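A.B. asks: Everything below, folded, please.
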Amino acid sequence: MEALLQLRVLVLKSNKFDGNMSLPSQSYLSFPKLQVLDISRNAFGGSLPQRYFKNFKAMMGVKANYDDMNFVAHVEMTLTLKGQDQLLKRLLEAFTIIDLSSNRFSGSIPHSIGNLNSLRYLNLSHNNFMGHIPASLGNISVLESLDLSSNKLDGGIPSELTRLTFLEKLDLSMNDLVGQIPQSNQFSTFDNDSYVGNLRLCGVPLTRKCNKEDGQLIGPEEEDEEEEEEEEYGFIDGEMW
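C.D. replies: I've put the predicted structure just below:
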């Protein structure tokens, strides 16, 4: 299929396909016009194919405004967008989505995915990804939906993600993320559901407090001590009495 240089839509979801997509290929340029890649709900495994992310030319070159998009083709496909199934009947030039959810992919999320700066929907949920969330995701400036839930990701939430000012849906739940949740730009709009299951995250919108010095989660004993201290001294309008 890599030889199909005009291919714009590849939807293989909800089958029983398996195998490793990161094997070497003889194709010099793979899927240069691909805008829609949906292989969700299969059994693909192994690491993600970085060579694809370097060659998806139609997902590069930012087109921020939907009004500037040209009509490409009539289609009829149902895709999951921002957590909801939606029927699309036409394809616009800058509509782009990668949905690899509910497979068996493992390893780390490659930094090269940040090259796809025209990507609008990215769903890598329900896999076995490990390691940190790549800061390069902050380069995907028109991203509207990011779902990395139900993996094994650790480390902090990169502050670079606050640059995603078009982001409407964020789901980082059911991982092992740590530290303080960023609060700039769109991050101030996300609620507890975006982070549930990360027992070492802290800060708004969660009820778990962060250490003021290093931004890490305050342990139960420290939190009790802090509450006792506030009860003992008390505060009025920020002043101790």
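A.B. asks: give me the element the residue most central in space within the chain is part of.
C.D. replies: The residue lying closest to the centre of the chain (C-alpha atoms, centre = their mean) is residue 146, at 3.2 Å. Using DSSP states H and E, residue 146 maps to strand 145-147.
A.B. asks: Pairing partners for that strand, with directions?
C.D. replies: strand 121-123 (parallel), strand 169-171 (parallel) (DSSP bridges).
A.B. asks: Just give me how far the last one sits from the chain centre.
C.D. replies: This points to strand 169-171. 7 Å (C-alpha atoms, centre = their mean, to the nearest Å).
A.B. asks: which intervals of this structure have sub-threshold pLDDT?
C.D. replies: Counting by pLDDT under 70, the ranges of the chain that qualify are 62-69, 212-241.
A.B. asks: distance of residue 168 from residue 54?
C.D. replies: 27 Å (C-beta to C-beta, to the nearest Å). Yep, even glycine has a C-beta here, placed from its N, CA and C like the rest.
A.B. asks: And residue 118, by the same measure?
C.D. replies: For residue 118, the distance to residue 54 - C-beta to C-beta - is 14 Å.
A.B. asks: okay, the two: which has more neighbours?
C.D. replies: residue 118 (23 against 16; other C-beta atoms under 10 Å).
A.B. asks: these two touch, right, that one and residue 96?
C.D. replies: Yes: Residue 118 lies in contact with residue 96 (C-beta atoms under 8 Å); the separation is 5.6 Å.
A.B. asks: Find the nearest non-adjacent residue to residue 18, please.
C.D. replies: The shortest distance from residue 18 to any non-neighbouring residue, by C-beta to C-beta, 6 or more residues apart in numbering, is to residue 43 (4.0 Å).
A.B. asks: And residue 155, by the same measure?
C.D. replies: residue 132 (3.8 Å).
A.B. asks: contacting residues around the one you found?
C.D. replies: 108, 153, 154, 155, 156, 158 (C-beta atoms under 8 Å, 6 or more residues apart in numbering).
A.B. asks: if we go to 10 Å?
C.D. replies: 108, 109, 153, 154, 155, 156, 157, 158, 177 (C-beta atoms under 10 Å, 6 or more residues apart in numbering).
A.B. asks: What distance do you get for it to residue 196?
C.D. replies: From residue 132 to residue 196 the distance is 20 Å (C-beta to C-beta).
A.B. asks: swap in residue 93?
C.D. replies: Applying C-beta to C-beta to residue 93 and residue 196 gives a distance of 36 Å.
A.B. asks: do the same with residue 108
C.D. replies: 23 Å.
A.B. asks: repeat for residue 74
C.D. replies: From residue 74 to residue 196 the distance is 40 Å (C-beta to C-beta).
A.B. asks: Comparing these two, which residue is more hemmed in?
C.D. replies: For residue 74 versus residue 196, neighbours defined as other C-beta under 10 Å are more numerous around residue 196 (15 against 8).
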